[in-house]
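Visitor: for reference, the sequence and a predicted model appear below.
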Amino acid sequence: MENFIAYNPTKLHFGSGVINNLGKAGKEYGERVLLVYGKGSVLRNGSYDQTKGQLEKIHAEIFEFSGIKPNPVIDDVDAAVRFGLSEKIDYIVAVGGGSVIDSAKIISVCIAERCKGWDVMKNKVSIQSSVPMIAVLTLAATGTEMNPVSVLQNNRTREKIGFSHPSMFPRHSFLDPTYTRTVPANYTAYGIVDLIAHALENFFGYGEASLSDRFVEAIIKEAFDCGPQLMKNLSDYDLRARVMWAATNALNGLTGYGRSSGDWGVHAIGHILSFLYDTPHGATLSIAYPAWLKHLKSRIPDRIRKLGEHLLDEPDVEKVIQQVENFFRSLNSPVRLQEIGINADKKMVILELMNTNKVTGQHHRLDDSDRSIILDWMFS
Ligand code: NZQ
Ligand code: ZN
């Protein structure tokens with residue numbers, strides 16, 4: 001086992017009606033609140049009205065910043081920072097999915113440090129503090145509600161990258177599965193893929209950590225069990241709750257303790273596709289994971305076999321990979337680039353950016369030739 005620090009200060013409120021505690025939580029942080037959300041889904045699932053109701057109850061002064069897009073961009077973050085600074089806000093409430101909450105994390109640092117968002121993402125700021133941020137999650141997928149990570153895109157530098165800092169944990173996160181009942185089938189599937197991918201990225205990281213392996217297996221088993229049921233009944237509260245809790249645990253530290261890093265090579269590949277084609281995050285992963293496994297199988301046969309034996313009662317490496325791919329396909333998440341309208345004539349465009357941005361895993365390093373072969377599998 002590798003050395004590790006277990007630290008997770010987010011106070012997570014889970015279940016139907018938990019939003020009723022938001023006012024009390026917010027009151028601790030001041031009077032002036034920046035309410036951040038996306039392109040409007042929150043107006044239709046009750047989360048916006050109920051969050052605002054809570055803030056009105058404590059007589060907060062509310063300043064709204066909306067329009068955060070999926071695959072969020074740094075310019076929106078900087079615009080929100082300017083607005084937040086001019087209104088002298090005391091804290092932030094972010095209502096939405098990963099894109100909104102990730103943006104809010106960097107907004108919270110930049111307001112406290114009076115700096116540019118991309119300087120934070122590039123680790124050029126010595127972060128001393130952040131404005132408190134409360135998250136209200138409306139989409140189960142990323143785990144951002146209980147981790148210190150933000151993933152943002154910069155169209156000038158042609159990058160989509162992640163950054164992590166302990167000051168970026170949400171102070172409170174409110175997870176009412178009811179809000180996720182309006183998530184359409186495609187994004188529901190992408191969320192299930194994403195949580196499985198997070199467990200896998202940790203499983204293929206560096207270090208022997210048997211308990212974390214078991215957490216990985218349990219989380220993926222839970223997704224294999226309730227994911228397909230949820231796809232058939234999108235408004236089922238209990239199934240929404242199970243997927244939501246699985247997604248939180250896939251990336252809140254649990255699956256990584258005892259390893260010095262996860263791998264994250266598949267995510268790095270996925271970010272290239274999201275950057276170039278605005279592909280939803282989970283869709284990039286259902287395409288890239290099977291391809292990555294097919295290429296890496298000769299380097300990590302024992303790891304894939306272990307996963308197969310524990311998860312699927314299947315020791316054959318080829319069959320394990322096929323079953324993972326089949327599972328993604330059964331959710332109707334794409335498993336080849338052509339299925340999202342990207343044909344083989346785009347190979348060089350994608351490969352060029354992958355090579356320029358030196359896409360690699362932290363544990364399983366990828367070179368130009370690896371990237372080319374993995375890309376071929378994504379088209380095959
Ligand atoms: O913009 P609005 O109108 O809110 O609509 C969103 C968006 O169109 C919609 N939506 C959200 N909640 C809904 C809903 N629609 C109906 N009902 C609801 N209850 O769903 C669409 C996708 O939202 P988004 O926030 O982009 O999805 P997700 O939560 O999957 O977040 C993806 C982003 O998170 C990053 C990804 O790279 C991507 O940019 N990630 C963040 C991570 C982290 N912070 O730890 C780790 C992940 O690996 C990932 O990289
Ligand atoms: Zn992810």
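Guide: Structure's in. What do you need? Ligands and ions are numbered 1, 2, ... in the order given.

Visitor: and the nearest residue to Pro228 once chain neighbours are set aside, how many neighbours?
Guide: Of all residues not flanking Pro228 in the chain, Ser330 sits nearest, at 6.3 Å (CB to CB, 6 or more residues apart in numbering). From N, CA and C alone the C-beta is placed, and that goes for glycine too. Neighbour count of Ser330, defined by other CB atoms under 10 Å: 13.

Visitor: same thing with Ile340?
Guide: By the measure other CB under 10 Å, the count of residues near Ile340 is 15.

Visitor: Pro184 now?
Guide: 10.

Visitor: name the SS class of the closest residue to it other than its chain neighbours, please.
Guide: Distance criterion CB to CB, 6+ apart; nearest residue to Pro184, sequence neighbours excluded, is Leu234 at 7.9 Å. Under the three-state scheme (DSSP: H, G, I helix; E, B strand; the rest coil), the conformation of Leu234 reads as coil.

Visitor: against Leu137, how distant is Leu234?
Guide: Note on Leu234: its distance to Leu137, by CB to CB, to the nearest Å, is 17 Å.

Visitor: of those two, which one has the most company?
Guide: Leu137 (32 against 15).

Visitor: next, give phi and psi for that one.
Guide: Reported as degrees, to the nearest 10, the phi and psi values for Leu137 are phi -90, psi 130.

Visitor: mind listing what's buried in stretch 143-156?
Guide: Of the residues in stretch 143-156, those buried by neighbour count under the rule 16 or more other CB atoms under 10 Å are 143-154.

Visitor: can you narrow these down to the ones near ligand 1?
Guide: The subset of the buried residues of stretch 143-156 lying close to ligand 1, counting by CB under 6 Å from any ligand atom, consists of 143-144, 147, 149-151.

Visitor: pick out the most distant pair among those.
Guide: Taking CB to CB as the measure, those reach their widest spread between Gly143 and Ser150, a distance of 12.0 Å.

Visitor: give me the number of residues near the closest residue to Gly17 other than its chain neighbours?
Guide: Distances taken as CB to CB, 6+ apart put Asp176 closest to Gly17, at 6.8 Å, once the chain neighbours are dropped. Neighbourhood size, Asp176 [other CB under 10 Å]: 26.

Visitor: surely Asp176 is in contact with Asn21?
Guide: No - in this structure, Asp176 sits apart from Asn21 without contact. The criterion is CB atoms under 8 Å, and the distance is 10.8 Å.

Visitor: is it true that Cys110 touches Val120?
Guide: Yes - counting by CB under 8 Å, Cys110 sits close enough to Val120 to count as a contact (6.3 Å).

Visitor: follow-up on the earlier one: how about the ones next to ligand 1 among the buried residues of stretch 143-156 in JSON lines, adding pLDDT?
Guide: Converted to JSON lines, these look like this (pLDDT from 0 to 100):
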{"residue": "Gly143", "pLDDT": "98"}
{"residue": "Thr144", "pLDDT": "99"}
{"residue": "Asn147", "pLDDT": "98"}
{"residue": "Val149", "pLDDT": "98"}
{"residue": "Ser150", "pLDDT": "98"}
{"residue": "Val151", "pLDDT": "98"}
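
Visitor: which residues sit in contact with Gly285?
Guide: One correction, residue 285 is Leu, not Gly. Listed by CB atoms under 8 Å, 6 or more residues apart in numbering, the contact set of Leu285 reads 190, 193-194, 197, 266-267, 270.

Visitor: the residue of the stretch 201-350 of the chain found nearest ligand 1 and Gly143, how far apart?
Guide: Here the stretch 201-350 of the chain gets closest to ligand 1 at one residue, His281, 3.8 Å apart by CB to the nearest ligand atom. The gap separating His281 from Gly143 is 12 Å, by CB to CB.

Visitor: please tell me how far the residue nearest the centre of the chain sits from Arg305.
Guide: The centroid of the chain falls nearest to Thr142 when counting by CA atoms, centre = their mean (2.5 Å). Between Thr142 and Arg305 the distance, using CB to CB, works out to 29 Å.

Visitor: now do Ser103
Guide: Ser103 sits 40 Å away from Arg305 when distances are taken as CB to CB.

Visitor: between the two, which one's more packed in?
Guide: Set side by side, Ser103 and Arg305 show unequal neighbour counts under other CB under 10 Å, the larger going to Ser103 at 29 against 16.

Visitor: show me the strands in the stretch 151-300 of the chain, by range?
Guide: Secondary structure of the stretch 151-300 of the chain (DSSP state E, counting those that start in this stretch): strands located at 159-164, 172-175.

Visitor: close to ligand 1: what parts of the stretch 101-250 of the chain are there?
Guide: Of all the residues in the stretch 101-250 of the chain, those in contact range of ligand 1 (CB under 6 Å from any ligand atom) are 102, 138-139, 141-144, 147, 149-151, 179-180, 182-183, 187, 191.
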